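# Provide a 3D model corresponding to the input given below.
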Amino acid sequence: MEDAKPSISSRSGDGGAMEARFADLCKSKFELDESTMRQAIMLFSETKHILIASLSNIGSGSPEEIERFWSASVLYCVSRLNKGRAKQDNQDRSITLCQILRVFKLKMVDFFKEMPQFCLKVGHILRGIFGSDWEKRLELKELQANFVHLSLLSRYYRRAYQELFLPSNKISDQNSTCCGNEGYVSDYHRFGWLLFLALRIHAFNRFKDLVTCTNGIISILATLIIHIPVRLRNFTIQESPNFVKKSDKGVNLLASLCEKYHTSEDELRRALEKTNNLIVDILKKNPRLASEFQKDTLDFIDPDGLIYFEDLLEESSLQSSLLILEKDYDNTINTKGELDERMFVDDEDSLLGSGSLSGGAIHLSGRKRNYDALASPAKSITSPMSPPCSPASPLHGNGFSNSKMAPITPVSTAMTTAKWLRNVISPCPSRPSAGLLRFFSACDKDVTNDIVRRASIILGAIFPTTSFGERVTSTSLQSANRMDAIWAEQRKAESVKLYYRVLESMCRAESQILNGSNLTSLLCNDRFHRCMLACSAELVLATHKSVTLMFPAVLEKTGVTAFDLSKVIESFVRHEETLPRELKRHLNSLEERLLECMAWEKGSSMYNSLIVAKPGLSAEITWLGLLAEPMPSLDAIAAHPDVSHGGLPPLPFQRHERAPDQYGDPRTPKRACTEKANVLTERNSFKSPVKETLLLFSSPKSKLPPLQSVFASPTRLNPARGGETCAETGINIFFNKITKLAAIRIRSLSERLQLSQQVLERVYCLFQQILSQRTSLFFNRHIDQLILCCFYGVAKISHLSLTFKEIIFNYRKQPQCKPQVFRSVFVHWPSTSLNEKTGEEHVDIITFYNKIFIPSVKPLLVELGPSGVISKDKKTTEDKSNPDGQIPGSPRIPPFPNLPDMSPKKVSAAHNVYVSPLRSSTMDSLLSPSSKSYYACVGESTHAFQSPSKDLTAINNRLNCGRKAGGRLNFDVVSDSVVAGSLGNQNDSPASSVASAATFKARVKSEPSDS
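Here you go, the predicted structure:
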């Protein structure tokens, strides 16, 4: 067994020095009231033993840095969770997160990386002090998403400003030096950002989604264009190709900005109206119609619909306007702010930090990015990358007037996806179409009213149009609440239109499969409709990148589980052909999160099927309390409209009575169902939820199972499988997806560790055996925790010199890695535990391996046996006598599954060199018959019946007989992200592939030779 990690115990007997240092900092650096101070010191003292036990897990390992992280986390929790009480006592002296991090000299990114670990370890203590809803009130996930969004928006705004305007306030020699500095921010630049922050605070109250905020930034740009002096412009408006929308009166400014930034003119006008109102309310400027002024900033611009503020950005009033906006923001952040959002325009690296969040993936656009060293999606999200572009700069000749195409960024990608929602979904009817009504009326009873009522209740719970419990005390708050109501109504309308659109397509497909239009068992299934509504709402929220309503918020609002939602994801994608690639990737990421951990969490409906499929596990499932509660009734959801207020609390499942419906909605696995339908026999066509599924989405002809069978009761017998229950069939298909995902991750980690194929297959075999024979090891855990243990267990029995430290070091490089995976593993110590511990606890991966994994899996490891692989450089005589590495009598190891290769695949660690298989159609379109003999293709020779060595010789002779190249190819000029961007054209037509290939070739440049 792996030796336990040495803990730094030298500080365990420090005589209270840690508490003294913490108390001294709180008193000298923060103005805390006596109650908050006492509570902070108490929390620090009660968690000190956890801190000492975790010294080797947090931060870089330095004891001083670990203590600073822990102190900051304690103080933030106490300050945040005491805010409500402080306001009631009229003693709101709460401190912000930025103040805390500055005092403890920590960076924002590092804090967000470590805070989830802190919450996991001290959650039971926080629950005892602050109540069971402490996690909801802490709003850590929302705060982190807000931080990421602001990081992206600030860069988006900086790039747009630099394209539009010169960086200097005045064109003068004395300023030329400072303006050349990369971090320099002009007063006009700062004014725009402060005005945007005021817009977020006063107009975008609760729903600060990325798309709405981007529209706000574009409205700020429109205001700056017509007010900043012309001499500071970086473009000529009458000649710029970016202002293409024109009328008889001049350039249509708003329409041109909408064209460039992919937004709606109506939404931009609404945002601009909010901006103008803020200028009137805060800066006390008088609005005038732009048509009434003769200003050079308005020359060649159509003034219709534009408002002009005299003396808004004149040099005489600019500084006073900045001071007013600064004061307004200070007043706001002191009452309800956590982040000082001004730091993003100041580019305060000392506080922002660098690195990645969410294990190297941020869930912003469904793509994994390393964006300006701040955020790299899934987390994200573990899905293919998209190319970020560096900001254009006048210093590099990329001025606004010269840029032909906007750079691809997370923000621009979100705006493009929102355009699909606006152009494709918004024109759809908000009521069931005539074709859909025919399916509703063809059921045993007309279900139209039930379906419409359910959609209204469920979507009303997800998108509340009123703010309950809030008293409107100011005009700005009234305006913000109205903005919330408008936003919620728009998102609700988009969701219901998407729901009816996909539902009709599904009904047509089901009727063809069943050769009839009576879909009673499906259309009367409450769980199916809730999953469809949840999926529709999730896609709408994912399009707008909402901070307030992030997954799994839709599950909590609708009462379904992630396992339920997975049943409709594949069908939803198949029956909405126009779904953008970004949203397909988002659904793929949700499926992957479900498989790796969410389906194994407490309360998952998967356990309700598992106790039917594997009755032997029912005792442990019941003992751990893992079963899902019945869904809350629609009446219960309608009776709790305030469930959405003040965060994202789960619905009160425990209080809801079971309300069986007429058609046997599968509320529990004990109920039988008499629905006549086939079961999930072909559900494995959805091969994997990860990147490879994008290949599947391009094959719409692959057959899907009837949806009615997908939502059948778990105890119903499956006639197509010889008496097997639907639960058994469903669990087998679910386990197949688990093993496919595990195989992908095992292969990836094995390549990093440079292990042989034999070791790879043994790790995979062990994982399969654990899933089928030791299923309980997965309960309340992450599958990567079992994968890591499998690697070390196989390494031990194979006598490999591979340590857990090396495994975790390489696992950290995996795109899906999260530190919590190996730092906090759930264990539930039985009463007979040898270490005298009882109850639930989170331990590190090595403790889990030694205390839980090995005692359970040791028989499987013994059966696997030390077959063949002794070390990386040494083989035994048994290997020579057994070429397949199989010891007589040991179980036959199943072959490793054939997984599709990622394309393009990086083949060099030192250079950006990729290899990708070329389709025959693409090859034919790219290569002429006379030039094909210059290329070596896999499986194809340049001449018939010729050996590969002769092929290569012939190719070399042909290349050498011509003109000798005067330089060498520099592959490094092609970035990883540019190559990854070619993934987006894999499913396009050959013509588009040719264009992509031409673009790719154009990026490979020649460098002078070294000689």
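
# when you work out contacts or count neighbours from here on, use the C-alpha atoms and nothing else.
Will do.

# average pLDDT across stretch 760-768?
The average pLDDT for stretch 760-768 rounds to 94.

# name the residues that touch it?
Here stretch 760-768 makes contact (C-alpha atoms under 8 Å, 6 or more residues apart in numbering) with 739, 742-743, 746-747, 750, 786-787, 790-791, 794, 860-861, 864, 893-896.

# give me the buried positions along that stretch.
Burial within stretch 760-768, assessed by neighbour count using 16 or more other C-alpha atoms under 10 Å, is assigned to 760-768.

# swap in stretch 40-54?
For stretch 40-54, burial by neighbour count (16+ other C-alpha under 10 Å) applies to 40-41, 43-45, 47-48, 51-52, 54.

# also stretch 821-840?
Neighbour-count burial for stretch 821-840 flags 821-827, 829 (criterion: 16+ other C-alpha under 10 Å).

# what's the average pLDDT for it?
Rounded mean pLDDT across stretch 821-840 is 80.

# go on, stretch 464-471?
54.

# repeat that for stretch 516-526.
pLDDT averaged over stretch 516-526 gives 88.

# what is the end-to-end distance of that stretch?
End-to-end distance for stretch 516-526, by C-alpha to C-alpha, to the nearest Å: 21 Å.

# flag every buried residue along that stretch.
517-526.

# switch those residues over to TSV; also include secondary structure and distance to residue 143.
Putting the buried residues of stretch 516-526 into TSV (DSSP: H, G, I helix; E, B strand; the rest coil; distance: C-alpha to C-alpha, whole Å) gives the following:
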residue	secondary structure	distance to residue 143
517	coil	48
518	coil	48
519	coil	44
520	helix	44
521	helix	43
522	helix	40
523	helix	39
524	coil	40
525	coil	37
526	helix	34
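
# residue 953: neighbour count?
Residue 953 sits with 11 neighbouring residues when counted by other C-alpha atoms under 10 Å.

# pull the contacting residues for it.
No contacts exist for residue 953 under C-alpha under 8 Å, 6+ apart.

# start at 116 instead
Renumbered: residue one is now 116, and that last one reads residue 1068.

# remind me which helix or strand it belongs to.
helix 1063-1076 (DSSP states H and E).

# which elements pack onto the host helix or strand of residue 687?
Element membership of residue 687, judged by DSSP H and E, is helix 677-689. On a contact count with 3 or more C-alpha pairs under 8 Å, 6 or more residues apart in numbering; DSSP states H and E, helix 677-689 meets helix 590-629, helix 641-659, helix 696-711.

# identify all contacting residues around that helix.
617, 621, 642-643, 646-647, 649-650, 667, 670, 694, 699, 702, 706, 709, 713-714, 719-721, 801, 812, 815, 819, 825-826.

# mind listing the strands for the stretch 316-465 of the chain?
361-362, 365-366, 402-404, 422-424 (DSSP state E, counting those that start in this stretch).

# please report phi then psi for the residue lying closest to residue 432 once chain neighbours are set aside.
Counting by C-alpha to C-alpha, 6 or more residues apart in numbering, residue 432 lies nearest to residue 426, which is 6.6 Å off, once chain neighbours are set aside. Dihedral pair for residue 426: phi 70, psi 30, per degrees, to the nearest 10.

# could you dump the helix holding residue 687 to PDB, C-alpha only?
Extracted in PDB, the C-alpha atoms of helix 677-689 (Å, rounded to 0.1, in the frame of the first residue of the first chain):
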ATOM      1  CA  ALA A 677     -29.700  14.700 -13.800                       C
ATOM      2  CA  PHE A 678     -30.200  11.000 -14.600                       C
ATOM      3  CA  ASP A 679     -33.700  11.800 -15.800                       C
ATOM      4  CA  LEU A 680     -32.400  14.600 -17.900                       C
ATOM      5  CA  SER A 681     -29.900  12.300 -19.600                       C
ATOM      6  CA  LYS A 682     -32.800  10.300 -21.100                       C
ATOM      7  CA  VAL A 683     -33.800  13.100 -23.400                       C
ATOM      8  CA  ILE A 684     -30.500  14.800 -24.300                       C
ATOM      9  CA  GLU A 685     -29.700  12.500 -27.200                       C
ATOM     10  CA  SER A 686     -33.200  12.800 -28.700                       C
ATOM     11  CA  PHE A 687     -33.300  16.500 -28.100                       C
ATOM     12  CA  VAL A 688     -30.100  17.000 -30.200                       C
ATOM     13  CA  ARG A 689     -31.300  14.600 -32.900                       C
END
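
# quick one: average confidence on that helix?
88.

# now it and helix 641-659, what's the angle there?
Counting by axes from the mean of the first three to the mean of the last three C-alpha atoms, to 10 degrees, helix 677-689 lies at 70 degrees to helix 641-659.

# angle of helix 677-689 against helix 590-629?
70 degrees.

# what about the helices and strands packed on helix 677-689, which gets the closest to residue 234?
When those are compared by C-alpha to C-alpha, helix 696-711 sits nearest residue 234, at 20.2 Å.

# and the helix or strand just after that closest one, which residues are buried?
Using DSSP H and E, the helix or strand that directly follows helix 696-711 along the chain is helix 721-728. For helix 721-728, burial by neighbour count (16+ other C-alpha under 10 Å) applies to 721-728.

# this completes my enquiry, with thanks.
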